[in-house]
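Enquirer: structure of the sequence below:
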Amino acid sequence: MKLKKMGLIEYDPSKEVWDPEVMFATFLSCLQEGDDVAAREVLAAALRHCNKSRFARISGIPRRTFYNFLNEPGSPSLALVAKVCRAIGNESLGLR
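Expert: Numbers count the residues shown, from 1 in each chain. This next block holds a predicted model:
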């Protein structure tokens, strides 16, 4: 009897987070639980799957700031988080 080799399936959950309703619900849940690190990761996951140039133009935030948001540990300002959330909402309305 031959056993079929099964490898790991590559899965990136951040692709599903791009759904703005799912993303915002998850983001708010993280904030309600007091988990600021997870909340930031939810936003970063959503940003990984968007057109950064267009997103920067829509939001008025420089692309470098987005990349810093994705890659640098730390706490972004509430103003930056609000701009990112607004841009995600605009992007999901078909402004891609």
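Enquirer: tell me which stretches of the chain form helices.
Expert: 14-17, 20-32, 36-48, 52-59, 63-71, 78-92 (DSSP state H).
Enquirer: out of these, which one sits most buried?
Expert: Greatest average neighbour count among these goes to helix 36-48 (a mean of 18), per mean count of other C-beta atoms under 10 Å. C-beta here means a position set from N, CA and C on the backbone, and glycine is covered the same way.
Enquirer: which neighbouring elements make contact with that helix?
Expert: With contacts taken as 3 or more C-beta pairs under 8 Å, 6 or more residues apart in numbering; DSSP states H and E, helix 36-48 sits against helix 14-17, helix 20-32, helix 63-71, helix 78-92.
Enquirer: how close does residue 69 sit to residue 59?
Expert: For residue 69, the distance to residue 59 equals 11 Å [C-beta to C-beta, to the nearest Å].
Enquirer: between these two, what contacts are shared?
Expert: residue 84 (C-beta atoms under 8 Å, 6 or more residues apart in numbering).
Enquirer: adding distance to residue 53 and mean pLDDT, write the helices and strands packed on helix 36-48 out as TSV.
Expert: Shown next, in TSV, are the helices and strands packed on helix 36-48 (distance: least, C-beta to C-beta, whole Å; pLDDT from 0 to 100):
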stretch	distance to residue 53	mean pLDDT
helix 14-17	19	60
helix 20-32	20	86
helix 63-71	6	78
helix 78-92	12	77
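Enquirer: nearest to residue 50, out of these?
Expert: helix 78-92 (5.8 Å; C-beta to C-beta).
Enquirer: might you calculate how far that closest one sits from the centre of the chain?
Expert: 10 Å (C-alpha atoms, centre = their mean, to the nearest Å).
Enquirer: what does that helix contact?
Expert: 19-20, 23-24, 27, 40, 43, 46-47, 50, 54-55, 58-61, 65-66, 69, 76.
Enquirer: and the residue nearest to residue 44 when sequence neighbours are not counted, what does it touch?
Expert: Distances taken as C-beta to C-beta, 6 or more residues apart in numbering place residue 70 nearest to residue 44, at 5.0 Å, with adjacent residues excluded. Taking C-beta under 8 Å, 6+ apart, we find residue 70 in contact with 44, 47-48.
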